[in-house]
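A.B. asks: kindly return the folded structure for what I paste below:
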Amino acid sequence: MELKEIEKSIIKKFRKEIWTPFIKGINEYKLINENDKIAVCISGGKDSFLLAKCMQEIKRHGKINFDLEFILMNPGYNDKNLELIKSNSEKLGINLHIFESEIFNTVDEISKDSPCYLCARMRRGYIYSEAKKLGCNKIALGHHFDDVIETILLSIIYGGEMKTMMPKLHSTNFDGMELIRPLVFVKEEYIINWAKYCDLNFLNCACKFTEKSKLENNSKRKEIKELIKKLRSINPYIETNIYKSSKNVNMDAIIEYKHNGIRYNFLDRYDEYELSKKIR
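C.D. replies: Numbers count the residues shown, from 1 in each chain. Reported below is the predicted structural model:
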């Protein structure tokens, strides 16, 4: 499919499934501001490439003046995977800024048994640093709606805490930098459908560690995907309700919560609440 048709498909054919929820995320969470310079992070997968095209389209058709950089950190991809990324970038009209790192080798030496957490943290640091060198004040990641609700369940079931993947975050280590997730309302199934419709072939997983092992097949995230799929057969609104749970937190019915690193217990104000009822 030609580039113009691919770009048109996002706004026309997939307007309801992709473009409208993308714009909703931008507007609802105020993800783009006047004079921003945003580094769109390309991983080689369908999500980050769709994000890149959506960001190009809103820059072209939107009312906000901002700039874009498309960056790829090469953590040690094999030649075949790197060539596929470059080929897709050219096909999709994305001028890609590639910078090198040795993350795969470093993580392999330090944390062979559980590489994912360390790899993710190191990647984020390299990306922030490169984006800042390019004069960017934000980095945009391709996490979508499914990533958000899976994170909620992962945190509850395996982390023993209630938290979600935020639409935007201030960086704790890089002053003046923010992370944004413009695909927060876009469902993965529609990203897959878009890629198929446009006859685009993206990397599924270019991780060095999943190439050598069964980490991906045994991942907790995949397990959560299967759980949500089962729950959907019982309740078709399950995904929406999981997301809404992170927006409808009733603090009067929470045993403990943490804010700015300080932990609060419902007993802290328990007697005070009873006294206020008597006064009323």
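A.B. asks: and Ile156, how many residues sit next to it?
C.D. replies: Burial measure for Ile156: 15 neighbouring residues, criterion other C-beta atoms under 10 Å. Glycine gets a C-beta too; all of them are placed from N, C-alpha and C.
A.B. asks: residues contacting it?
C.D. replies: Ile156 sits next to Met162 when contact means C-beta atoms under 8 Å, 6 or more residues apart in numbering.
A.B. asks: quick one: it is in a helix?
C.D. replies: Yes - assessed by DSSP: H, G, I helix; E, B strand; the rest coil, Ile156 belongs to a helix.
A.B. asks: what about stretch 24-38, how long is it end to end?
C.D. replies: Taking C-alpha to C-alpha, to the nearest Å, stretch 24-38 runs 18 Å from one end to the other.
A.B. asks: how far out from the middle of the chain is it?
C.D. replies: How far stretch 24-38 lies from its chain's middle: 15 Å, per C-alpha atoms, centre = their mean, to the nearest Å.
A.B. asks: ok, now stretch 257-273?
C.D. replies: 31 Å.
A.B. asks: give me the low-pLDDT residue ranges for this structure?
C.D. replies: Where the chain drops to pLDDT under 70, the residues are 102-121, 205-218, 273-280.
A.B. asks: tell me which residues in the lengthiest strand in it are buried?
C.D. replies: Counting by DSSP state E, the longest strand found in the chain is strand 67-74. Under the neighbour-count criterion of 16 or more other C-beta atoms under 10 Å, strand 67-74 has Leu68, Glu69, Phe70, Ile71, Leu72, Met73, Asn74 buried.
A.B. asks: ok, stretch 244-256 next?
C.D. replies: Taking 16+ other C-beta under 10 Å as the criterion, stretch 244-256 shows Ser246 as buried.
A.B. asks: bridging residues for Leu96?
C.D. replies: Using DSSP bridges, the beta-bridge partners of Leu96 come out as Phe70.
A.B. asks: now the one 4 residues further on
C.D. replies: Note on Glu100: beta-bridge partners Asn74, judged by DSSP bridges.
A.B. asks: in the stretch 1-150 of the chain, which spans are strands?
C.D. replies: 37-41, 67-74, 96-100, 138-140 (DSSP state E, counting those that start in this stretch).
A.B. asks: so which of those strands gets nearest Pro236?
C.D. replies: Minimum separation from Pro236 across these (C-beta to C-beta) falls at strand 138-140, 30.6 Å.
A.B. asks: which strands and helices sit next to the closest one?
C.D. replies: Helices and strands touching strand 138-140, by 3 or more C-beta pairs under 8 Å, 6 or more residues apart in numbering; DSSP states H and E, are strand 37-41, helix 115-133, strand 178-180.
A.B. asks: among those, which is nearest Asn204?
C.D. replies: Nearest to Asn204, of all the helices and strands packed on strand 138-140, is helix 115-133, at 15.9 Å by C-beta to C-beta.
A.B. asks: which residues in the chain form helices?
C.D. replies: 3-11, 20-28, 46-61, 79-91, 103-110, 115-133, 145-154, 188-197, 208-212, 220-234, 238-245, 270-279 (DSSP state H).
A.B. asks: possible to save these as a markdown table with distance to Thr164?
C.D. replies: Below are those laid out as a markdown table (distance: least, C-beta to C-beta, whole Å):
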| stretch | distance to Thr164 |
| --- | --- |
| helix 3-11 | 26 |
| helix 20-28 | 14 |
| helix 46-61 | 18 |
| helix 79-91 | 29 |
| helix 103-110 | 26 |
| helix 115-133 | 17 |
| helix 145-154 | 5 |
| helix 188-197 | 16 |
| helix 208-212 | 25 |
| helix 220-234 | 13 |
| helix 238-245 | 8 |
| helix 270-279 | 27 |
